[in-house]
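Participant: Need coordinates for the following:
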Amino acid sequence: MKRDMEMVRKILVELEASDSMLMVEDPNAAYQVTLMKEAGLVEAQIIENGDGFPVAAALLRLTWNGHDFLDSSRDNTIWKKAMEHVIKPGASWSFSLLVEWLKQEAHQKIFGTPPHTG
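Facilitator: All right, here's what the predicted structure looks like:
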């Protein structure tokens, strides 16, 4: 299975809007939650099948990093640019690169200039 950043963002938005834990019962969504947990974005309980593959998950809460990622990716214009320029098909990217790019775009949108880097 592949990492699906659109689904990750959608799940984070749903969890933030929820007043209680959020259940996902689709194996693809459970896989994305597993990755989100590994990245430190959420606290979650993962339910696996007999082979150890995630089939469902209970999302308990966003972490500080999860809130930061969601805040950085909330703007639809910035997110669309990220999908076109960072996460584009065939491109080599990492989650940390995406997070840094989102932070820089958010900084530029708020302050009108790119962040000072040294």
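
Participant: After the top strand by length along the chain, which helix or strand is next? Please name it.
Facilitator: In the chain, taking DSSP state E as the definition, the longest strand is strand 54-62. Using DSSP states H and E, the helix or strand that follows strand 54-62 towards the C-terminus is helix 64-73.

Participant: So which residues make contact with that following helix?
Facilitator: Here helix 64-73 makes contact (CB atoms under 8 Å, 6 or more residues apart in numbering) with 9, 12-13, 15-16, 36, 39-42, 62, 78-79, 82, 99, 102-103, 105-106. All C-beta spots, glycine's among them, are computed from the backbone N, C-alpha and C.

Participant: Now intersect those residues with the strands, please.
Facilitator: Among the contacts of helix 64-73, DSSP E puts V42, L62 in strands.

Participant: Is there a quick PyMOL command that grabs whichever of the contacts of helix 64-73 are buried?
Facilitator: In PyMOL, this line selects whichever of those come out buried by 16 or more other CB atoms under 10 Å:
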select buried, resi 9+12+15+36+39+41+42+62+78+79+82+99+102+105+106
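
Participant: picking up where we left off before, buried residues in the longest strand of the chain?
Facilitator: Within strand 54-62, the residues that count as buried by 16+ other CB under 10 Å are P54, V55, A56, A57, A58, L59, L62.
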